[in-house]
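*Asks:* Structure for the following, please:
(one chain, ligands or ions: 5)
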Amino acid sequence: MTKYFSPLCILMIIWCIWAPISTASYDGTTYSSFASTECKRHPEEPLYDGGLLMDKETQYTWVNGSNLVLSPSFALQNLTKDTYYCFSAWVKTNDTSLTLIRASLTTEIETLNCTGTVLAQKGCWSFLKGGFMLNYTSNSPLLYFQNPQGKNINVQIANPALEPFSKEQWRLDQEYKINKGRKREVIIHVSNKNGLKLKGADVTVRQKSRDFPFGSAISASIIGNLPYQKWFTERFNAAVFENELK
Ligand SMILES: *[C@@H]1O[C@H](CO)[C@@H](O)[C@H](O)[C@H]1NC(C)=O
Ligand SMILES: *[C@@H]1O[C@H](CO)[C@@H](O)[C@H](O)[C@H]1NC(C)=O
Ligand SMILES: *[C@@H]1O[C@H](CO)[C@@H](O)[C@H](O)[C@H]1NC(C)=O
Ligand SMILES: *[C@@H]1O[C@H](CO)[C@@H](O)[C@H](O)[C@H]1NC(C)=O
Ligand SMILES: *[C@@H]1O[C@H](CO)[C@@H](O)[C@H](O)[C@H]1NC(C)=O
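*Replies:* Residues are numbered from 1 along each chain as shown. Ligands and ions are numbered 1, 2, ... in the order given. I've put the predicted structure just below:
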């Protein structure tokens, strides 16, 4: 029997088995994607058991942002370059209205003014999540929390966490999650038009489209601007309008 490989005659049945494939074990710390927009009666447990901030007491330091204000802060030690630092904390203020609280990091060299923000208020705890990376080593940086306008409010911090990830750990963690969450095992059955299985057929797989929305905000000027349209559609498959939707 001659094997006949015209694409028309080959029935391909593909199905997915809902089982993760080759989740090569990764035993480092896994990035926590936990987030909460709810203002809670009680702060929840710190991520990563607090990481570098485990058992660290909040200090109150006078810090000059736009005004000199007494700010809850953490004196850190020896932050290394090219490390992803992820931090989070539960925040409460004594202000009855929702107030913006910003986390900043001052090193020997610069101030990173915004490494995370949250709208916090009186009577309940809001979750702030942020992070930073330095391209130099800092021996004694200060992480602090204030209102950017220097509003005189009392800010309280509970259950903070700061967890470092080396670039390698970060990549391994990503790979692990991609393998676990985004890949599925596929079995391809190839048969001829009579339904006879063709053993050992060569199968070529080519991605023709993607299901994963990857987009950006666009401005209305894209309508009627061909180069902009071309540039955009070559890169993205999802969009939202900017000002037009405000
Ligand atoms: C704090 O910063 C503000 C604005 O930059 C400045 O006007 C003020 O003099 C500073 N206060 C102190 C004590 O450094
Ligand atoms: C931080 O680095 C300095 C200088 O390299 C060293 O003396 C100190 O012990 C380090 N501190 C910690 C907590 O690792
Ligand atoms: C942070 O804010 C201070 C004071 O407002 C400003 O001088 C500084 O340039 C800012 N730093 C960055 C990295 O934007
Ligand atoms: C760190 O990066 C900034 C800009 O991204 C650059 O201006 C600065 O020179 C770098 N510093 C070091 C120590 O590499
Ligand atoms: C909040 O605390 C600050 C600093 O302790 C105080 O000056 C302010 O009056 C307090 N605000 C309210 C609304 O209690």
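
*Asks:* Quick one: mean pLDDT over stretch 107-120.
*Replies:* Looking at stretch 107-120 alone, the average pLDDT works out to 93.

*Asks:* That should have said stretch 35-46, apologies.
*Replies:* Per-region confidence: stretch 35-46 scores 95 on mean pLDDT.

*Asks:* how about the CA coordinates for it, as PDB?
*Replies:* What follows is stretch 35-46 as a C-alpha-only set of coordinates in PDB (Å, rounded to 0.1, in the frame of the first residue of the first chain):
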ATOM      1  CA  ALA A  35      -3.300  40.600  45.300                       C
ATOM      2  CA  SER A  36      -6.300  42.000  47.000                       C
ATOM      3  CA  THR A  37      -8.300  45.200  46.300                       C
ATOM      4  CA  GLU A  38     -10.500  44.700  49.300                       C
ATOM      5  CA  CYS A  39     -10.000  46.700  52.500                       C
ATOM      6  CA  LYS A  40      -9.900  44.000  55.200                       C
ATOM      7  CA  ARG A  41     -10.700  44.100  58.800                       C
ATOM      8  CA  HIS A  42      -7.500  42.200  59.600                       C
ATOM      9  CA  PRO A  43      -4.200  42.100  57.700                       C
ATOM     10  CA  GLU A  44      -3.500  38.700  56.200                       C
ATOM     11  CA  GLU A  45      -0.400  36.700  56.700                       C
ATOM     12  CA  PRO A  46       2.800  38.100  55.000                       C
END
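
*Asks:* Going forward, the N-terminal residue is numbered 329.
*Replies:* Sounds good: first residue 329 from here, last item stretch 363-374.

*Asks:* can you pull the buried residues of that stretch?
*Replies:* Residues Cys367, Pro371, Pro374 are the ones in stretch 363-374 that count as buried (16 or more other C-beta atoms under 10 Å). Backbone N, C-alpha and C define where each C-beta goes, glycine included.

*Asks:* Tell me the one among these nearest to Phe560.
*Replies:* Phe560 has its nearest neighbour among the buried residues of stretch 363-374 in Cys367, at 37.7 Å by C-beta to C-beta.

*Asks:* Distance from the helix of greatest length in the chain to the middle of the chain?
*Replies:* When secondary structure is assigned using DSSP state H, the longest helix within the chain turns out to be helix 495-509. Computed by C-alpha atoms, centre = their mean, to the nearest Å, the chain-centroid distance of helix 495-509 equals 12 Å.

*Asks:* same deal with stretch 552-565?
*Replies:* Averaging C-alpha positions (C-alpha atoms, centre = their mean) puts stretch 552-565 26 Å from its chain's average.

*Asks:* How about stretch 423-433?
*Replies:* So, by C-alpha atoms, centre = their mean, the centroid of stretch 423-433 is 21 Å from its chain's centroid.

*Asks:* likewise stretch 402-421?
*Replies:* On the basis of C-alpha atoms, centre = their mean, stretch 402-421 sits 16 Å off its chain's mean C-alpha point.

*Asks:* got it, and stretch 508-527?
*Replies:* Here the centre of stretch 508-527 is set off from its chain's centre by 35 Å, with C-alpha atoms, centre = their mean.

*Asks:* how about the residues of the protein near ligand 5?
*Replies:* Contacts of the chain with ligand 5, taken as C-beta under 6 Å from any ligand atom, map to Asn422, Asp423, Asn480, Ile481, Asn482.
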